[in-house]
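>>> Build the 3D model from these lines:
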Amino acid sequence: MSKAKKPIFYIDRALGKKYVADGLRNAGANVEIHDDHFPQDALDTEWLPEVSRRGWIILTKDDAIGRNILEQIAVASSNAKVFVLTLGNSTGEEMANAFTQALEKMENFAQSNQPPFIAKVNKQGQVRMWQKSKDLLKLLP
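Predicted structure coming up:
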């Protein structure tokens, strides 16, 4: 019996290049880093559609993605799967620890929830829905 292909997690520039990526890779995750694919100053509305088209799951700590209407529309129109870390100012190690603890939960959540969605990940690695597909799709013309 073959195992399902592991998802690819996209690390937004707000999470840096090292700690979160290394922590997730050490936990067995497939990871792509923002700076390997886009300019450092690329707007979220520019990279979101491309990352989503590739089927990657987006990890960020930038909660503006769920508050800024243009970014919400970009999430909705590109069918994005987004997980936002709710730690605020935290170290790379703390962010890596939260995402690593949440890894299996995020994989299961992404499998069992219709995109687009924005979910939150807390310090203990718990995952909960923030903005579900139905509500995000209402933002589209």
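>>> When you work out contacts or count neighbours from here on, use the C-alpha atoms and nothing else.
OK.
>>> Could I get the buried residue list for the helix ranked longest in the chain?
If you go by DSSP state H, the chain has its longest helix at helix 92-112. Burial within helix 92-112, assessed by neighbour count using 16 or more other CA atoms under 10 Å, is assigned to 92, 94-103, 105-107, 109-110.
>>> what does whichever helix or strand comes after it rub up against?
Once the chain leaves helix 92-112, the next helix or strand it forms, by DSSP states H and E, is strand 117-121. With contact meaning CA atoms under 8 Å, 6 or more residues apart in numbering, strand 117-121 is reached by 66, 75-76, 79-86, 98-99, 102, 127-133, 136.
>>> Now do the longest helix of the chain, average pLDDT.
Helix 92-112 comes out with an average pLDDT of 96.
>>> other SSEs contacting it?
helix 19-26, strand 81-85, strand 117-121, strand 127-131 (3 or more CA pairs under 8 Å, 6 or more residues apart in numbering; DSSP states H and E).
>>> Now for Lys115, how many residues are close by?
Just so we're on the same page, residue 115 is Pro rather than Lys. Neighbour count of Pro115, defined by other CA atoms under 10 Å: 21.
>>> What pLDDT is listed against it?
At Pro115, pLDDT is 97.
>>> In this structure it contacts Ser77, no?
No - the criterion here is CA atoms under 8 Å, and Pro115 misses it with Ser77 at 10.1 Å.
>>> Tell me who's in contact with Arg53.
Ser78.
>>> ok, now with 10 Å
For Arg53, the contact set (CA atoms under 10 Å, 6 or more residues apart in numbering) comprises Trp47, Ser78, Asn79, Ala80.
>>> Ok, Thr45 next?
Per CA under 10 Å, 6+ apart, neighbours of Thr45: Ile65, Leu70, Glu71, Gln72, Ile73, Ala74, Val75, Ser78.
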